[in-house]
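Chemist: I would like the atomic coordinates for the input below:
(2 chains)
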Amino acid sequence: MKITVNGTVQDTAAPSLDALLIELGYGAAKVATAVNESFVPAAMRPEQRLNDGDRIEIVAPRQGG
Amino acid sequence: MTATGSKSSHHGKGADMPVFYETEITSRLMLGTAQYPSPAILADAFKRSGAGIATVSVRREAGGERAGQAFWDMIRDLDVRVLPNTAGCHSVREAVTTAQMARELFDTRWIKLEVIGHADTLQPDPFGLVEAARILTEDGFQVFPYCTEDLVLCERLVEAGCQVLMPWGAPIGTGLGLNNIYGLRSLRAHFPDLPLVIDAGLGLPSQAAHAMELGYDAVLLNTAVAKAGDPASMADGFARALEAGRLAYEADPMEPRDMAAPSTPVLGRAFT
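Modeler: Residues are numbered from 1 along each chain as shown, chains lettered A, B, ... in the order given. Okay, here's the model as predicted:
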């Protein structure tokens, strides 16, 4: 299926958000996630199923003003 | 709530510091963490100035990048409170989701809420700001709204649950200082006990001192320090200006007048 990760369209077979993060090499990185503009807490990632067309945001701490 | 407008203390800091939600702050200087020439200079700016609160953000990260962890490790070494922001969000939905992601990443209920309404001036969308503030407050956040000095907007934000307000001095990154002295003075008078922070637009320590003389509780800076030739010295300069301005506010300044009045006694003058 095709999904959009941080603005880039890509193919994945990952069934869950948790599996997607592993597939993309995030491992234990300090990141937070949203699917289709809704926040998905870390503990909920294994249950978060992915569907064709989903828009995923994966963010981390950064400098800010 | 602490009477932040009180004039009872004797120094610019220490005796009567503002309380942001349940936390008494340690410095009237809040510093951003962006745009510094290096992490070492950023750390030096915090160290020299004694700033106790650092604003931070969240941004997209690629798999294997690990930049977020490195930045987070550096911020933790500063030993300051972090205030995550929702910078760049142009809708309520974006701001709320960004705040929720930031809460998980930084493990804090504090959020500097930005809902930007105009791309050129980066001025807040007041309507979206109030709605997002209400949603986040109901979700357990302690909201620090980046707002304008509009009294009605500020009343709505307080009704939405905000216990700190952060009106702009001028548009973000301009360094123009306090653009609406009358409006800021009115806001201070309207909310005598509410912590008020000048957020954005300051370029020089004299402007920060002026904010203190108006009775504001703190200032939040980034560009003025980070883009100075010597950021750590500029941060230190701001910290000293804040202390001077606060001391002046507490000292009850004289009233300006139009007519000259001799300070040297007239009685006993020669040649009379």
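
Chemist: now the residue nearest in space to the middle of chain A: how far from chain B?
Modeler: Residue closest to the average C-alpha location in chain A (CA atoms, centre = their mean): residue A:56, at 4.6 Å. Using CB to the nearest CB, to the nearest Å, we find residue A:56 at a distance of 10 Å from chain B. Heads up, the C-betas are built off the backbone N, CA and C, glycines and all.

Chemist: Which residue is the nearest non-sequential neighbour of that residue?
Modeler: Among residues not flanking residue A:56 along the chain, residue A:5 sits closest, at 4.7 Å (CB to CB, 6 or more residues apart in numbering or on different chains).

Chemist: residues in chain A within reach of chain B, list them.
Modeler: Neighbours of chain B within chain A, by CB under 8 Å from any CB of the partner chain: A:6-7, A:21, A:24-26, A:29-34, A:37-39, A:41-42, A:57-65.

Chemist: Out of the residues you listed, list just those in helices.
Modeler: Counted as lying in helices by DSSP state H, out of the residues of chain A next to chain B, are residue A:21.

Chemist: Report the buried members of the residues of chain A next to chain B.
Modeler: Taking 16 or more other CB atoms under 10 Å in any protein chain shown as the criterion, what is buried in those is A:6, A:21, A:24, A:26, A:29-34, A:39, A:57-65.

Chemist: and stretch B:115-135, how far apart are its ends?
Modeler: Length of stretch B:115-135, first residue to last, CA to CA, to the nearest Å: 13 Å.

Chemist: In it, which residues are buried?
Modeler: Across stretch B:115-135, burial judged by 16+ other CB under 10 Å covers B:115-117, B:122-126, B:128-135.

Chemist: Let me see the residues that make contact with it.
Modeler: Residues from elsewhere that reach stretch B:115-135 (CB atoms under 8 Å, 6 or more residues apart in numbering or on different chains): B:86, B:88-92, B:95-96, B:99, B:113-114, B:143, B:145-148, B:150, B:153, B:156-157, B:160-162, B:168, B:171-173, B:200.

Chemist: Do a quick rundown of the strands in chain A.
Modeler: A:2-5, A:8-11, A:32-35, A:38-40, A:55-63 (DSSP state E).

Chemist: packing partners for the shortest one?
Modeler: Taking 3 or more CB pairs under 8 Å, 6 or more residues apart in numbering or on different chains; DSSP states H and E as the contact definition, the neighbouring helices and strands of strand A:38-40 are strand A:32-35, helix B:92-106.
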